[in-house]
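A.B. asks: need a 3D model of the sequence below.
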Amino acid sequence: MATNKPNIYDMSSLDAEIRRLKTRCREMEAELDNNMDALKENYGSMAFNSIIGNRLRSLPLLGSVAGALLGNPKVQAVIQAFFEKVFNRGSGIAERWITRVFR
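C.D. replies: Here you go, the predicted structure:
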């Protein structure tokens, strides 16, 4: 990522650069929030598919049963709720650890 060195010659150009950077910071925070929301919504199915789903589908009979179960919206909701709890607990632990490290 290339960084452009801003041309700052006086206080007004410094203030303009600060405003620009604050605006960019808010945009990046909003983008991060959107990405986290999308991850929270899809984390359960993504984790299940990457850990278990593909292995079950590779087996002939068990794969067809697993495919039918995974296609069921109620089963997907249960799996997603489980992984959301795991994700929330993990993110809470990570947040506490980061708070301790960067105090």
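A.B. asks: for the helix or strand containing residue 86, packing partners?
C.D. replies: For residue 86, the element it lies in under DSSP states H and E is helix 73-101. Counting contacts by 3 or more Cβ pairs under 8 Å, 6 or more residues apart in numbering; DSSP states H and E, helix 73-101 packs against helix 11-48, helix 60-71. All C-beta spots, glycine's among them, are computed from the backbone N, C-alpha and C.
A.B. asks: can you list the buried residues in that helix?
C.D. replies: For helix 73-101, a neighbour-count test (16 or more other Cβ atoms under 10 Å) marks 79, 80, 83, 87 as buried.
A.B. asks: how far is it from where the chain is centred?
C.D. replies: Its chain's average C-alpha position is 11 Å from that of helix 73-101, according to Cα atoms, centre = their mean, to the nearest Å.
A.B. asks: same question, stretch 16-36
C.D. replies: With Cα atoms, centre = their mean, you get 17 Å for stretch 16-36.
A.B. asks: swap in stretch 9-22?
C.D. replies: Taking mean C-alpha positions (Cα atoms, centre = their mean), stretch 9-22 and its chain are 32 Å apart.
A.B. asks: please apply the same query to stretch 5-14.
C.D. replies: 36 Å.
A.B. asks: and it, how far apart are its ends?
C.D. replies: End-to-end distance for stretch 5-14, by Cα to Cα, to the nearest Å: 12 Å.
A.B. asks: which outside residues touch that stretch?
C.D. replies: residue 17 (Cβ atoms under 8 Å, 6 or more residues apart in numbering).
A.B. asks: quick check: mean pLDDT of that stretch?
C.D. replies: Averaged over stretch 5-14, pLDDT sits at 87.
A.B. asks: again with stretch 95-103
C.D. replies: Across stretch 95-103, pLDDT averages out at 76.
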